[in-house]
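1. requesting a structural model of the entry that follows:
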Amino acid sequence: MGSSSSTVQLGPLRLTPAAAGALCCAVSVLGYSAANACMNQLSRMSCVSTWAIGNKELVTVLAVGPWVLAQAWRGKSGFPRGRPLAILVAAGLATELIGNLGVQWGYQVVGMAVMVPAYTGFILVSSALLGRLLLGEKVSARNMAAIGLVILAVVLLGAGGGQGVPATAAKPPASPLAIAAAIAVAVAAGTVFALLGIAVRNCVTGTTSQSAVMVIITGMGVLSLGPLSFASAGAAKLLATPWQQYALMSAAGICNLIAFTALVRGLHLTTVLHVYMLNAGQVALAAVAGIVFFGEDANGRLVLGVVIMIAGIFAFGSPVDQEAIDAHV
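-> The predicted model follows:
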C-alpha cells in the first residue's frame, strides 16, 4: 500500500498512521497521568511499593490474559518465542524492578511534579539515541531542536518543583543526597522505559501480538514483585492493607491498562521517539496535578516549563518515516 493513501482503522475512525499514532499517544498521556496520580497518592499513604505496583500490573494480566489464552487455543496467539520472548521478558523485568519501582520510590522523595519530568527527559534523550542506533530511525535537525525545547522544559519543571514532597512532623524534608539519588533513579528509569519502547516496537512490528506483549510485560511485574512484597514486608502487613489503597491500585491498574494499550498501538504505528515525544505531555499534567492535588511546590519556573513543553511538542512536527511505517501496516 502506498504511503500517500495508507490509512488504518482506529475504532470508528480511519486515519493515517501518523494521525492514529498521535491519537493513541494522547490517550496514553491521559491514562498514564491518572495512573501516576494514583501511585503518587499510594506513596503518600506509605503503601508497600512492590505491592502497589504488582497489584496495578495484575489488572492488565487479568483483563488481557484470558484473551491471549483464548487466541492460543485457536492457534492465533501471536505469542513470541525464542529471542523475541527473551527480549520482552528482560525488558519487562527491567521495567518493573528498575523503572516502576524506582519511580515509586522517587515519588516519596521529590514528588510527582519533579519525578515525572525527570524520567521523561531521559526517556526522550535515550529514545533519540537508541532509536537511531538500534532501529535506524531518523532524527532530523528540526526534531533535535524540538527535543532541546522539551529537555529545557523538563529541566525547568524539575527545578520548579524544588520543594518536592511537603514536609511534615513525621516526614522531614528530603536531604540533598536523597534528592540526588532520586534524580539518578530517574536517569535509570528513563533509560529503561526507552529500551522498553524499542523492544515493544521491534516485536509488534513483527509477528508478536500487542496483547501478548502487554501480558508479558505486566506479568513480569506480578511474578517478580508479588513474591518480593511478601519477602520484604511480610504477609501480615500486606494482608492489613486497607481497602482505600486497593481501590487506588485498581484505579491505577485500569488507567495503566488503557494507557499501555494505546502506547503499544502507537508504537506499532509510529516511531519510538515520536511516541515518547508526544507522551512528554504528561510532564505538564504531572506538574499541575502535583501542585493542585498534592500541595507540591509551585512557582514561575513550572509555568514556564509547561509553556516550553507545549511549544516543543508542536515544534516536533511530523517525524514519521512514513514508508517504513506503511511497510508494517
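2. can you give me the mean pLDDT across stretch 245-265?
-> On average, the pLDDT along stretch 245-265 is 92.
3. list the buried residues in it.
-> Neighbour-count burial for stretch 245-265, counted by 16 or more other C-beta atoms under 10 Å, picks out 245, 248-249, 251-265. From N, CA and C alone the C-beta is placed, and that goes for glycine too.
4. now do the helices in the stretch 101-250 of the chain.
-> Here the stretch 101-250 of the chain has its helices, by DSSP state H, counting those that start in this stretch, at 101-110, 112-135, 141-160, 176-204, 210-233, 235-239, 243-269.
5. and residue 286, which of these is closest to it?
-> helix 112-135 (3.6 Å; C-beta to C-beta).
6. residues in contact with the residue nearest to residue 49 when sequence neighbours are not counted?
-> Residue nearest to residue 49 in three dimensions, not counting chain neighbours: residue 104, with 4.3 Å by C-beta to C-beta, 6 or more residues apart in numbering. Counting by C-beta atoms under 8 Å, 6 or more residues apart in numbering, residue 104 makes contact with 39, 42, 43, 49, 52, 53.
7. ok, now with 7 Å
-> 39, 43, 49, 52, 53 (C-beta atoms under 7 Å, 6 or more residues apart in numbering).
8. rewinding a little: ok, which of the helices of the stretch 101-250 of the chain comes nearest residue 292?
-> helix 112-135 (9.9 Å).
9. for the closest one, name the packing helices and strands.
-> Applying 3 or more C-beta pairs under 7 Å, 6 or more residues apart in numbering; DSSP states H and E, one finds that helix 112-135 contacts helix 17-44, helix 101-110, helix 141-160, helix 176-204, helix 272-279, helix 281-292.
10. hmm, try it at 6 Å
-> helix 101-110, helix 141-160, helix 176-204, helix 272-279, helix 281-292 (3 or more C-beta pairs under 6 Å, 6 or more residues apart in numbering; DSSP states H and E).
11. how far off helix 141-160 does it point, in degrees?
-> Orientation of helix 112-135 against helix 141-160 (axes from the mean of the first three to the mean of the last three C-alpha atoms, to 10 degrees) gives an angle of 150 degrees.
12. ok, of the contacts of residue 104, which one's closest to residue 94?
-> Distances from residue 94 to the contacts of residue 104, taken by C-beta to C-beta, are shortest for residue 53, at 13.5 Å.
13. before we move on, what SS does the closest one have?
-> What DSSP: H, G, I helix; E, B strand; the rest coil gives for residue 53 is helix.
14. name the nearest residue to it, sequence neighbours excluded.
-> Spatial nearest neighbour of residue 53, excluding adjacent residues (C-beta to C-beta, 6+ apart): residue 100 at 5.0 Å.
15. state the number of residues packed around the one you found.
-> 25 (other C-beta atoms under 10 Å).
16. how near is it to residue 150?
-> Counting by C-beta to C-beta, to the nearest Å, the gap from residue 100 to residue 150 is 22 Å.
17. backbone phi and psi for residue 13, please?
-> When read as degrees, to the nearest 10, the backbone of residue 13 gives phi -100, psi 150.
18. please name the bridge partners of it.
-> residue 10 (DSSP bridges).
19. let me know the pLDDT of it.
-> Value listed for residue 13 in the pLDDT field: 70.
20. now for it, how many residues are close by?
-> Neighbour count for residue 13, taken as other C-beta under 10 Å: 11.
21. and for residue 230?
-> Neighbour count for residue 230, taken as other C-beta under 10 Å: 14.
22. gap between it and residue 249?
-> 16 Å.
23. over to residue 284?
-> Taking C-beta to C-beta as the measure, residue 284 falls 25 Å from residue 249.
24. surely the residue nearest to residue 53 touches residue 54?
-> No. When contacts are counted by C-beta atoms under 6 Å, residue 100 is not listed as touching residue 54 (9.6 Å).
25. shaky segments in the stretch 51-200 of the chain?
-> Applying pLDDT under 70 to the stretch 51-200 of the chain picks out residues 77, 135, 137, 157-174.
26. if we can go back for a sec, of all the helices of the stretch 101-250 of the chain, which lies closest to residue 10?
-> Distance to residue 10, taken as C-beta to C-beta, is lowest for helix 243-269 among these, at 7.8 Å.
27. quick one: that closest one to chain centroid distance?
-> Its chain's C-alpha centre and that of helix 243-269 lie 10 Å apart, by C-alpha atoms, centre = their mean, to the nearest Å.
28. now for it, which elements pack on it?
-> Checking 3+ C-beta pairs under 6 Å, 6+ apart, helix 243-269 ends up next to helix 17-44, helix 49-73, helix 176-204, helix 210-233.
29. export these as CSV, with columns for distance to residue 85.
-> As requested, these are exported to CSV (distance: least, C-beta to C-beta, whole Å):
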stretch, distance to residue 85
helix 17-44, 24
helix 49-73, 13
helix 176-204, 9
helix 210-233, 7
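30. thank you kindly, that will do.
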